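Trainee: quick check, what structure comes out for this input:
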Amino acid sequence: MTTTLIHHHPTSTRTARARRTTATVRVRPGNVATVPLPSTPLLACALLRVDWSDAYAAALPRGVRDHPPEAWAEAVFHGPPFFVRALFVAREALVRLSGIEAGDRHAFDLVARSPHEVLLGITQRHLGFRASVLVQPDRVVVSTIVEIRNRRGRAYFALVRRIHPWVVRSMLARAVQKLAVPA
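Mentor: The predicted structure follows:
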């Protein structure tokens, strides 16, 4: 995607003539940026209360734009980068020690879907979370909302939220790379 910015600079303080300059800004596909939480019907009714949220978007190359949200969810949440898998293993060891329910393969189960969005997640005693994968014409947006349910959830999430942005950005960038490869 290319965005063209047009700036008008006066050539002199004495003349009204303006010099037109253009600057082209390249937004590379796969680059992940923080964006506002999308306002979608699935996210709006996903949890009773939202204590924390974030959203990240990646620009899509032309050949990747036709994938449904289920394919994006699969690419984002299954087969993450090695360091993310290592973090999930460390997470499991820590939650066992703290008495928090261990995560399992159901953490990213499908909760709801619409033509352009899927909602995944799980509700446990300590917290509930939902992850939305929204496919828009030129980008894909991964959003997370969290409902903290008790003190253990608050303590757990105080640690997780520091790592979460790094993990989601990496997983989304990798998903764009995976789906950009011709089949």
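
Trainee: and the residue nearest the centre of the chain, how far from Ser170?
Mentor: Nearest to the mean C-alpha position of the chain, counting by Cα atoms, centre = their mean, stands Val142 at 2.8 Å. Distance, Val142 to Ser170, by Cβ to Cβ, to the nearest Å: 11 Å. No exception for glycine: its C-beta is placed from N, CA and C like everyone else's.

Trainee: measure stretch 131-145 end to end?
Mentor: Stretch 131-145 has an end-to-end distance of 7 Å (Cα to Cα, to the nearest Å).

Trainee: same check on stretch 61-68?
Mentor: So stretch 61-68: terminal residues 15 Å apart, Cα to Cα.

Trainee: which of the residues in that stretch are buried?
Mentor: Pro61, Val64, His67 (16 or more other Cβ atoms under 10 Å).

Trainee: isn't the first one up against Ala180?
Mentor: So the one you mean is Pro61. Yes - the criterion here is Cβ atoms under 8 Å, and Pro61 meets it with Ala180 at 5.5 Å.

Trainee: elements contacting the helix ranked longest in the chain?
Mentor: Longest among the helix segments of the chain by residue count, using DSSP state H, is helix 151-180. Contact analysis of helix 151-180 by 3 or more Cβ pairs under 8 Å, 6 or more residues apart in numbering; DSSP states H and E lists strand 32-34, strand 52-59, helix 69-77, helix 82-98, strand 127-135, strand 139-148 as its packing neighbours.
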